[in-house]
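[1] one predicted model, sequence on top.
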Amino acid sequence: MNARHAVHFAAVKAESARAVPSCADMPTNPAPPTAALAPALALQGVSYEYAPGIPALLEVHLEVPVGQSLALLGANGSGKSTLLKILAGLLMPTRGRMLAWGTPLDRRFWQDDARASAFRRRVGLLMQNSDAQLFCTTVWEEIAFGPAQLGLEGHALQARVQEALELLQIGPLAGRSPHRLSGGEKKKVALAAILALKPEILLLDEPSTGLDPRSQAWLAAFLSQLHAAGHTLVLASHDLDLVGKVCISGVILGEDHRVMASGSIPRLLGDSALLRQANLIA
Amino acid sequence: MSIPAAVRKSMAGVLALSQKALASEALAQQPGLWQSLHPAAQVLVVLGLLLAVGLSRNLLLLAGLGLVGLALGWASRVSLRLLAAVTVGAALLAGILALPALFNWVRPGAPLLFVHHFGPPGSDAVGLLFWRVPAELWVTRQGLLGAAFLAGRAGVSALLAAGLVAASGVPAFLEALRMLRVPELFVSVLALAYRYIFILLAVAQELLVARQARTVGRMPRKLAFPFFFSALGTLWLRSWLLSEEVFQAMLARGGVPGQFRAPRACAPRWKLRDWAALAGAVLAVILAVAPARAG
């Protein structure tokens, strides 16, 4: 390699180091043959009440096709986080039913540990509160927790964690405790912890909350790359800028906990009257 | 002191402790001799050295162990000021507790230093409350040695515990417990407690500060009690909600309730320096025990 080539190589390497890392190295788990026929996730007339007479969601119908990038928009208290937890299988609907790749997720489904575990492997949830999501004593353990539940040990586990650390460029944080991290670092670690499971679907609850502008720009680019790499994204957010950059379609939840509107993101974000009615803009 | 004031002071103390914990973790991340040891070796060596200190009946050996602790601390980037402060502090405290045992009234022995003669000249004993004690007050050789041992053991133990544990860090300590086959449930509970105690304390501190910011003048005692208990209730509620979320986060990452698996890295191999450190600790224990057997 002559000096000219060496300079060019160094410049390309530096450019790629600045860029958001590729997600192509984190292939998702193989989808079953029926995946192309049924939506990845579907809600049919789902309602949820935290206590009798206190609804969080009412009569929600929703389909998340494979490979979709869907935004859940809504004011505070409209039920976005509850909806994500239902999609993640953490809450059971009070009424209605949920399907994943065409399979109903009822109580019998969740009683089968093997099927529940298979579902968790394919669906990852980024919680709004990073302190709740990061419960281990070090970043390494945090990222390793999910793969360890899948039975990975030793070198396989080590390699999986290393892969996620490199993808999020957080290798130097591996030995640190989560409570010593900044808000942006916690969010990256939480994302790495989910991506270490190599899920097909990512459910993201207010992912840009508490991030500075540079981290927000990084997050938007990173999520776009995940989508381009074939992940299905469902993103609950107030951040219309982030939604506009990452999502293709959206659903607006009203303050009455019902679906108010759905459609393509350009159409939804272009309707000021609708956004004002949904309390998304002043 | 009103209850909120007392609570505020306690909270400030505990938050200062959390700052120390953060500093300890930062120290544990730095390169150093102690940090380079295998986590299990760290725990075993500290236990061995503490055992040697406890069993030691030789002041020279105690001094030697203190020097070893200082050298290890220095090579592990622990602040020498911190080491000196904990050593002198613990030794002084133990020395004060041992002060009465210096004298022949408490611990009879060979006279070393005459202090005073009580009562009329020529008298052998005087009354002290309900007891008869010798009229002459002496510092005894046995008393002085006993106090020196007590102060020395306390100082060296504090030096080893504070210095070396500070350089280990809690995550390494927990990892060592796992490697030493301590039940996983116990280690996991410790780990979760360590992870969340400071978050809950910060929440409690915020509650107090928020209340204080809206309080003009001194809070009447009859309001202080309800505030204290309502703050406790709020804290309990928040910790319960947080625990729910943590449980959901575990489930969302594939955990099966009651069967959570602790992630284990490939166990690092013991290196020559780990064996050497352990051999040093064993040697210290042997040296501490040997004179006692001979005696």
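    Ah, there it is.

[2] need the contact list for residue 105.
    No chain was given, so I picked chain A. If a contact means Cβ atoms under 8 Å, 6 or more residues apart in numbering or on different chains, then residue A:105 has A:89, A:97, A:98, A:99, A:119 as its contacts. Heads up, the C-betas are built off the backbone N, CA and C, glycines and all.

[3] wait, I meant chain B there
    Residue B:105 is in contact with B:128, B:133, B:134, B:137, counting by Cβ under 8 Å, 6+ apart.

[4] near chain A, which of those show up?
    Taking Cβ under 8 Å from any Cβ of the partner chain as the test, chain A is in contact with none of the contacts of residue B:105.

[5] by pLDDT, give me the weakest of the residues you listed.
    Across these, the smallest pLDDT goes to residue B:128, namely 76.

[6] in the strand or helix carrying residue B:144, what's buried?
    Using DSSP states H and E, residue B:144 sits within helix B:141-168. For helix B:141-168, a neighbour-count test (16 or more other Cβ atoms under 10 Å in any protein chain shown) marks B:143-168 as buried.

[7] now stretch A:255-274
    The neighbour-count check on stretch A:255-274 (16+ other Cβ under 10 Å) flags A:257, A:258, A:259, A:260, A:261, A:262, A:265, A:268, A:269, A:274 as buried.

[8] what about the helix holding residue B:144, distance to the chain center?
    Mean-position distance between helix B:141-168 and its chain equals 12 Å (Cα atoms, centre = their mean, to the nearest Å).

[9] so how far is chain A from residue B:81?
    Separation of residue B:81 from chain A (Cβ to the nearest Cβ, to the nearest Å): 23 Å.

[10] still on that earlier bit, for the helix holding residue B:144, packing partners?
    helix B:3-29, helix B:39-55, helix B:59-75, helix B:80-98, strand B:111-117 (3 or more Cβ pairs under 8 Å, 6 or more residues apart in numbering or on different chains; DSSP states H and E).

[11] next secondary structure element downstream of that helix?
    Helices and strands here follow DSSP H and E; after helix B:141-168, the next one along the chain is helix B:170-179.

[12] right, is that next one up against chain A?
    Yes - legend: contact between helix B:170-179 and chain A by Cβ under 8 Å from any Cβ is shown at B:170, B:171, B:174.

[13] what's in contact with that helix?
    With contact meaning Cβ under 8 Å, 6+ apart, helix B:170-179 is reached by A:137-138, A:141, A:175, A:177, B:21, B:24-25, B:28, B:39-40, B:42-43, B:165, B:168, B:184, B:186-187, B:190-191, B:194, B:262, B:264, B:267.

[14] mean pLDDT for the helices and strands packed on helix B:141-168 - can I get that in a markdown table?
    As requested, the helices and strands packed on helix B:141-168 are exported to a markdown table (pLDDT from 0 to 100):
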| stretch | mean pLDDT |
| --- | --- |
| helix B:3-29 | 65 |
| helix B:39-55 | 90 |
| helix B:59-75 | 90 |
| helix B:80-98 | 89 |
| strand B:111-117 | 82 |
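
[15] these two touch, right, residue A:71 and residue A:239?
    No - contact criterion Cβ atoms under 8 Å: residue A:71 and residue A:239 do not qualify, at 9.6 Å.

[16] between the two, who's got more neighbours?
    Neighbour count, other Cβ atoms under 10 Å in any protein chain shown: between residue A:71 and residue A:239, residue A:71 has more, with 28 against 20.
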